[in-house]
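Enquirer: Predicted model follows, preceded by the sequence.
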Amino acid sequence: AQKVTQAQTEISVVEKEDVTLDCVYETRDTTYYLFWYKQPPSGELVFLIRRNSFDEQNEISGRYSWNFQKSTSSFNFTITASQVVDSAVYFCALSENKAAGNKLTFGGGTRVLVKP
Amino acid sequence: NAGVTQTPKFQVLKTGQSMTLQCAQDMNHEYMSWYRQDPGMGLRLIHYSVGAGITDQGEVPNGYNVSRSTTEDFPLRLLSAAPSQTSVYFCASKRQDNQPQHFGDGTRLSIL
């Protein structure tokens, strides 16, 4: 069965600090997809990134970067030079290729609070 | 481009009442799903559908029914509401492959 663990429930930083969110997953499938979603205080879920299991290249998008390591089953997310607008709950999620309908399994989320 | 539309946004029910949460998407997505979000537990899959006429159970299906008569609509029914069903409900849709899911804005449901 697929499982996603986000051990950090809440992280508080001061603006301009970097913050790294940990995500560890479990799966028996050799083909799978990992996602990060952001949920700002307004409540909607915003898609940030998708990565498949065959692509271990790190990715950078502006102040966001992602480190995917199959050896440790981790897909960590770093916000560089954090801003108050980054305050949100961030979810890591896993989709197995063999799962019916490619069901999405979410971690418990990490709440990030960026203080001015 | 409306995307995924959920109605209502807020609802308060009494224990034992029934209600239907509506979800509609205009992207011609085959796959639709319902999640509930509870504090500290992330989003958990209730039911999903891989196409019109096809539905299946997710992780927490008890107390909920769904149907999928059209590609666009995927309503979630609570037949006899219980306080344990107090939660925020999200509907999502995507293409049949492993593309990202598009989420609605959620329905905040309180059962008294």
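Expert: That came in fine, so what should we check first? Here the structure is a predicted model, which is why all the values come from computation and not from measurement.
Enquirer: Which neighbouring elements make contact with the least confident helix or strand in chain A by mean pLDDT?
Expert: In chain A, no helix or strand scores lower on mean pLDDT, DSSP states H and E than strand A:59-61, which sits at a mean of 85. If you count contacts as 3 or more Cβ pairs under 8 Å, 6 or more residues apart in numbering or on different chains; DSSP states H and E, strand A:59-61 packs onto strand A:46-52, strand A:64-69. For the C-beta atoms, the positions are set from N, CA and C on the backbone; glycine is no exception.
Enquirer: Residues contacting it, please?
Expert: With Cβ atoms under 8 Å, 6 or more residues apart in numbering or on different chains as the contact definition, strand A:59-61 has outside contacts at A:Ile49, A:Arg51, A:Ser65, A:Trp66.
Enquirer: just the strands in the chain please.
Expert: No chain in the question, so chain A it is. For chain A, applying DSSP state E gives strands covering A:3-5, A:10-14, A:19-21, A:24-26, A:32-39, A:46-52, A:59-61, A:64-69, A:74-79, A:88-96, A:104-106, A:110-115.
Enquirer: that's the wrong chain, I wanted chain B
Expert: Taking DSSP E, the strands of chain B run over residues B:4-7, B:10-13, B:19-25, B:31-37, B:43-51, B:54-57, B:64-66, B:76-78, B:87-94, B:102-103, B:107-111.
Enquirer: Could you list the buried residues of the last one?
Expert: The reference is to strand B:107-111. By 16 or more other Cβ atoms under 10 Å in any protein chain shown, the buried positions in strand B:107-111 come out as B:Thr107, B:Arg108, B:Leu109, B:Ile111.
Enquirer: List the neighbouring strands of it plus their orientation.
Expert: Partners of strand B:107-111 in the sheet, by DSSP bridges, are strand B:10-13 (parallel), strand B:87-94 (antiparallel).
Enquirer: buried sites along the longest one?
Expert: Residues of strand B:87-94 classed as buried: B:Ser87, B:Tyr89, B:Phe90, B:Cys91, B:Ala92, B:Ser93, B:Lys94 (neighbour count, 16+ other Cβ under 10 Å).
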